[in-house]
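Colleague: structure, please.
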Amino acid sequence: GVQTCALPIWQVVHQVRGDSLYRHAHDDRGRLLAWWEKESAFHLFDPASKTDVTFALPPAPGPEFKYGFRVEELFFAPDGDGAIVYMHGFVGGRTWEVAAYHYDLAGGAPTLLFRQEGYPLHTTARESVRAVPQRKDDMCEHTACHVGAIIAWEITGRQATKRVIFDASQRQESFGRVQPVWDRGGGDRVAVLLD
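Modeller: Numbering: from 1, shown residues only. Modelled structure (predicted):
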């Protein structure tokens, strides 16, 4: 379960027996987003108002998501009034695809921001960077990737802008490994190393 601390007493705010807390995020106001693996909704806990509001997870955006569709990451949107929810699923071959949504925490249907196949290199409330293999049946994960492209999606409010950071078709070299270079400051600058 999730607990909050109002020193010196801990209080259980939610518990799902037989399930595990899979993703969570918090903000400076003390609010908490949380999702348990077997639930069809995620929660917004607000200790100040002692509320627990649930938001239904979106259905898969297409029938090609035949091997599951579940939460990959949860974030509070930078404005604090929304949440960015990344859902992912296996679409066959060796390809995973992510679908990003903006949720208005005041209610309403989620807005689909983008869909993108590929291996996640960097994911925040403001952006997602993915390594895309040259062919869908190519492996693309932390150990190796026959890199076809590196795609970044920048999120502003309820819109996302696609940027191609690297396009292998424009190069003579063949790249078989890609690694993110982490920004330890927690910012949104991204660098990748290609071998």
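
Colleague: which strand residues bridge residue 140?
Modeller: Applying DSSP bridges to residue 140 yields these beta-bridge partners: residue 145.

Colleague: can you tell me the number of residues neighbouring it?
Modeller: 24 (other CB atoms under 10 Å). Every C-beta, even on glycine, is put in place using the N, C-alpha and C of the backbone.

Colleague: do the one 4 residues further on as well
Modeller: Under the neighbour criterion other CB under 10 Å, residue 144 is assigned a count of 14.

Colleague: from residue 99, how far off is it?
Modeller: 25 Å (CB to CB, to the nearest Å).

Colleague: residue 80 too?
Modeller: Distance from residue 80 to residue 99, by CB to CB: 23 Å.

Colleague: with residue 107 instead?
Modeller: 21 Å.

Colleague: so for the two, which sits in the more crowded spot?
Modeller: The residue with more neighbours, out of residue 107 and residue 99, is residue 99; 22 against 8, by other CB under 10 Å.

Colleague: dump the residue contacts of the more buried one.
Modeller: Applying CB atoms under 8 Å, 6 or more residues apart in numbering to residue 99 gives the contacts 58, 60, 61, 69, 86, 87, 88, 112, 114, 115.
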